[in-house]
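1. Compute the structure for the input listed below.
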Amino acid sequence: MLNLEFDSLLFYCTEFEPDAIRAAAQRILLSNALPTPFFCYSEFYAIEIMNYQQAGGVRIPEAIALIGYYGYPGATLLDPPLSTVDLNYRESGRIAVEILASSESWFHIPEAAVPQVMLPHQIVDRESTHIVRNKCEFRLQSLNHANRETK
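-> Prediction:
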């Protein structure tokens, strides 16, 4: 156990709506607990954060690191390409088909063990997490962007 404290200022839960995601990004930028990395629930959230930040002149990865989750193939086409936690959907689908194809060996058989599979994930390091920045310059740049949005 790492015994880490949960800081609610660094955790934002939003609906998957661009306006809600941008509002959360704005609240983060205006808070005193400005994070260096943004770890997003999915690439789709990360793309909204990326668009919001870049529209305000915040450069990724010079100012913040950004990583998505799931392994969306289109993440390689972004500028910069988005780092991700790839959950290996291709392999997951292949194994699911194998399990379903062999269902006669376990389906409707009370004593049979239902197949359980644990697939490894892979962290795919791309340019969006190669952070190099001047913290003071980023803080000023971020606050200027967030303040413009509130007006």
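
2. Determine how far the last residue of stretch 105-124 lies from the first.
-> 36 Å (Cα to Cα, to the nearest Å).

3. what's the average pLDDT for it?
-> Throughout stretch 105-124, pLDDT has a mean value of 87.

4. So Thr84, which state does it fall into?
-> Assigned with DSSP: H, G, I helix; E, B strand; the rest coil, Thr84 falls in the strand class.

5. So what's the residue count around it?
-> Neighbour count of Thr84, defined by other Cβ atoms under 10 Å: 27. Any C-beta I mention is one placed from the backbone N, CA and C, and that applies to glycine too.

6. which residues touch it?
-> 43, 67-72, 75, 123-124, 126 (Cβ atoms under 8 Å, 6 or more residues apart in numbering).

7. Weed out the non-buried ones from these.
-> 43, 67-72, 75, 124, 126 (16 or more other Cβ atoms under 10 Å).

8. how near is Arg59 to Gly68?
-> For Arg59, the distance to Gly68 equals 18 Å [Cβ to Cβ, to the nearest Å].

9. Apart from its neighbours in sequence, what residue is nearest Ala25?
-> Tyr52 (4.7 Å; Cβ to Cβ, 6 or more residues apart in numbering).
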